[in-house]
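> Would you be able to build a 3D model of this:
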Amino acid sequence: MRGLAHFRLCTALLLLALAACGKPDGEEKKPAAEKAGTETGVSLTAEEIRSLGLATQPAQAASYRATVSGYGVVVALDSFAQLDADVMTAQAAAAQSQAAAARARSLATGEEAAVSREVVETANAKAAADDAALMLARRKAEASLGRGAPALTTLRARLASGASVLVRATFPLGALGNEMPRQVRVTRLGAARQSWTAHTVWDAPADPAFPGRGFYILVDGSDLAQNEHVTVDVPVGAAMAGVMVPTAALVYGQNQAWAYVEREPGKFQRMAIDPAKAMTGGYFLPQANGIQPGQAMVINGAGLLLARELNPSTEAEE
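Down below sits the predicted model:
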């Protein structure tokens, strides 16, 4: 039994020795790309920094809030004008018939009545019918414009003067809950992506063509055209403090966007950037990552830094 145990021990030791001898070089020295998850940085001398042409820029303080996005279209004036015209026509007819009924009643009183009772009843019936038509026109306008809409006279004045445009926006189901947005950013489609912030928002009727929650937005001071399509964004959650990473600082590698910050002279740390947190002129990086406003960020040569970090063997070739 002792001889069998000794034989098994020797066999196990021999197998371990063979496994160690046959281990590939790739496992002895892992490439820098595999270490990037834990070791994200590179150190350079002043001469290497000059040879790579690196340029830095102080990080600017920034604030960011997450947003929920939707789509919208500028409402054509003719659709609103028809609602307004129907209400104004019904209002004029109701006022005229009420005046006619009042006159008929005044002429039907006294010993020398000028009109018969039948005329008075006809005038009263006409006034009641016109009042009902006015109520129907107003309810139709309210149903089309949604709850909480400004008065028709206010909307008419602002839209007719060209000072404002009306945007109908739709957001994904459940994205905003039951809260009413206090402000909405309306952005024109295209390369320029000009934006306007609106504060007059109210519920719009459900749109059968686009499932989701709809709003009407009154946008002031824009040059948006009728029927123009736009994107709409509503800020949600608390604002976060951080810095703005310039667009020029971004570099892509390993299926991730990165930027380099110079922690100390000659020591550059690679930071992961979320492209979804876009800002005007760059991207947001939370202060929780340890970046402070004023720290130097690489805006020229970040790609060379990434190549140097992931392939240290290229140092001798440069």
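> Going along the chain, name the strands of the stretch 201-318 of the chain.
213-220, 229-235, 240-246, 251-253, 256-264, 267-273, 278-279, 282-286, 296-300 (DSSP state E, counting those that start in this stretch).
> Make CSV from the ones you listed and add mean pLDDT and distance to Ser63 to it.
From N, CA and C alone the C-beta is placed, and that goes for glycine too. Output for these, formatted as CSV (pLDDT from 0 to 100; distance: least, C-beta to C-beta, whole Å):
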stretch, mean pLDDT, distance to Ser63
strand 213-220, 91, 23
strand 229-235, 91, 11
strand 240-246, 89, 6
strand 251-253, 89, 25
strand 256-264, 90, 18
strand 267-273, 90, 17
strand 278-279, 82, 9
strand 282-286, 88, 8
strand 296-300, 91, 18
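> Just send these back as CSV, with mean neighbour count and distance to Arg117 too.
Output for those, formatted as CSV (neighbours: other C-beta atoms under 10 Å; distance: least, C-beta to C-beta, whole Å):
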stretch, mean neighbour count, distance to Arg117
strand 213-220, 21, 49
strand 229-235, 20, 60
strand 240-246, 21, 76
strand 251-253, 16, 89
strand 256-264, 19, 85
strand 267-273, 19, 85
strand 278-279, 14, 75
strand 282-286, 22, 78
strand 296-300, 20, 90
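> and those strands as a markdown table, adding distance to Glu309?
Formatted as a markdown table, the strands of the stretch 201-318 of the chain follow (distance: least, C-beta to C-beta, whole Å):
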| stretch | distance to Glu309 |
| --- | --- |
| strand 213-220 | 46 |
| strand 229-235 | 35 |
| strand 240-246 | 18 |
| strand 251-253 | 9 |
| strand 256-264 | 9 |
| strand 267-273 | 7 |
| strand 278-279 | 25 |
| strand 282-286 | 19 |
| strand 296-300 | 12 |
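> how about these, which one is nearest Ala123?
Minimum separation from Ala123 across those (C-beta to C-beta) falls at strand 213-220, 39.5 Å.
> and the angle from the closest one to strand 229-235?
Put simply, strand 213-220 runs at 100 degrees to strand 229-235, going by axes from the mean of the first three to the mean of the last three C-alpha atoms, to 10 degrees.
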